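[1] Here's a sequence, model it:
(one chain, ligands or ions: 2)
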Amino acid sequence: MWDQAEKLRKMVQSVPLKPSSSVIKANHTNTRVITVTSGKGGVGKTNFTVNLALALAKLGQRVVILDADLGMGNVDVILGCSTPYNLLHLLEGGFSLIDIIADGPLGIKFLSGGSGIYNLANLNDSQLNRIVNQITLLDDIADIILIDTGAGINKSVMNFVVAADEVIIITTPEPTAITDAYAMMKTYANHSSDAVLKLVINRVLEPNEGNITADKLIKVSLKFLGLSINSLGFVCEDLNLVRAVKKQTPLLLAFPNSSSARCIEEIANRLLYGTTIKKTDGIKGFFNKLVGLMR
Ligand SMILES: Nc1ncnc2c1ncn2[C@@H]1O[C@H](COP(=O)(O)OP(=O)(O)OP(=O)(O)O)[C@@H](O)[C@H]1O
Ligand SMILES: [Mg+2]
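    Ligands and ions are numbered 1, 2, ... in the order given. Modelled structure (predicted):
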């Protein structure tokens with residue numbers, strides 16, 4: 001007979017735990033749920049999410065990536081690991097969270113939302129309870145859940161932004177990307193959400209460009225939207241990232257000493273030790289909020 005508790009225990013034990021992670025967990029007992037979004041497509045969300053997850057794992061964090069990019073999800077391609085299952089399989093044939101979650105490098109785990117993630121509102125109460133009860137197990141096995149969203153500011157993306165504890169907005173220094181990031185913030189400002197907003201500037205040609213872009217966006221959103229946003233830093237333009245994508249090996253593993261990998265490691269450090277951490281209700285709180293927004 002299949003023993004879920006035993007499987008879960010094994011799973012927890014298989015994740016490398018460094019002393020720092022127990023310290024972090026003690027500071028905020030629930031899992032941090034962080035959505036990564038951008039407004040404009042193709043600015044580097046998925047690569048950033050995957051490599052941030054690896055950088056956090058190197059710092060002793062237990063990280064799960066949830067791919068919430070409807071139809072176009074490609075975390076598996078960048079991560080080099082996949083699962084044929086998604087959240088809706090939790091409703092089929094006795095599948096459990098452990099069955100649908102995939103093991104990635106450095107102990108990180110990967111969960112595909114599939115198109116089912118946007119159909120949560122159509123489920124009946126017992127189906128929803130089943131999913132939320134299984135998903136809640138993530139609170140025991142993860143310190144941080146990173147959610148990769150699709151491009152755009154449609155309702156399905158915004159629900160993941162509004163329900164999260166923390167949101168990382170990623171943009172490049174190009175005006176088109178900045179305008180879309182601002183449009184995302186503007187839409188966000190219309191919701192009564194109290195997520196902590198953080199900003200990353202990707203593909204910068206020199207540090208100054210990253211700092212200037214971040215400063216401008218932070219000032220404008222405070223002045224015109226009343227939103228306070230923390231800068232997490234920048235990631236430089238780096239051909240190694242393109243090479244890593246082609247090799248289907250995450251940058252942090254393929255080129256760990258590259259300039260962009262170092263930028264992402266700095267951001268991981270800042271995310272853990274240098275920015276506001278919101279008191280969180282964990283993944284259960286996140287999902288309850290998400291379903292409420294969908295209904
Ligand atoms: N720092 C960087 N340096 C050089 N190229 C980069 C960098 N970041 C991203 N890219 C390029 O941008 C491409 C798109 O990245 P990615 O798939 O992560 O974007 P995305 O925002 O997730 O896209 P989508 O909106 O379609 O989900 C990468 O394949 C790579 O070629
Ligand atoms: Mg993507």
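[2] For the rest of this, base every contact and every neighbour count on C-alpha atoms.
    Noted.
[3] Enumerate the residues of this structure near ligand 1.
    41-47, 150-151, 202-203, 235-239, 241-242, 245 (CA under 6 Å from any ligand atom).
[4] same thing but at 8 Å, please
    Residues of the chain lying near ligand 1 by CA under 8 Å from any ligand atom: 37-38, 40-49, 69, 72-74, 148-152, 202-204, 235-242, 245, 260.
[5] Give me the buried entries from these.
    Neighbour counting over those (16 or more other CA atoms under 10 Å) leaves 37-38, 40, 43-49, 69, 73-74, 148-152, 202-204, 235-238, 240-241, 245, 260 as the buried ones.
[6] Just the ones of the residues you listed in helices?
    When DSSP state H is applied, these are split such that 45-49, 240-241, 245, 260 fall in helices.
[7] Save those residues as CSV, and put in distance to I168 too.
    Shown next, in CSV, are those (distance: CA to CA, whole Å):
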residue, distance to I168
K45, 9
T46, 12
N47, 13
F48, 10
T49, 10
N240, 23
L241, 20
V245, 22
S260, 17
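[8] Which of the residues you listed sits closest to F110?
    T49 (11.4 Å; CA to CA).
[9] okay, that closest one: pLDDT?
    Per-residue confidence (pLDDT) for T49: 98.
[10] list the contacts for it?
    Shown in contact with T49 (CA atoms under 8 Å, 6 or more residues apart in numbering): 36, 65, 146-148.
[11] Mind picking the two most distant members of the residues you listed?
    Using CA to CA, the two most remote members of the contacts of T49 are V36 and I65, lying 10.5 Å apart.
[12] quick one: which of the two has more around it?
    I65 (28 against 25; other CA atoms under 10 Å).
[13] and the more buried one, helix, strand or coil?
    At I65, secondary structure determined by DSSP: H, G, I helix; E, B strand; the rest coil is strand.
[14] Pretty sure it sits against T149.
    No - in this structure, I65 is not within contact of T149 by CA atoms under 8 Å, at 10.8 Å.
[15] For G71, see how far away A261 is.
    Remark: distance between A261 and G71 (CA to CA, to the nearest Å) = 28 Å.
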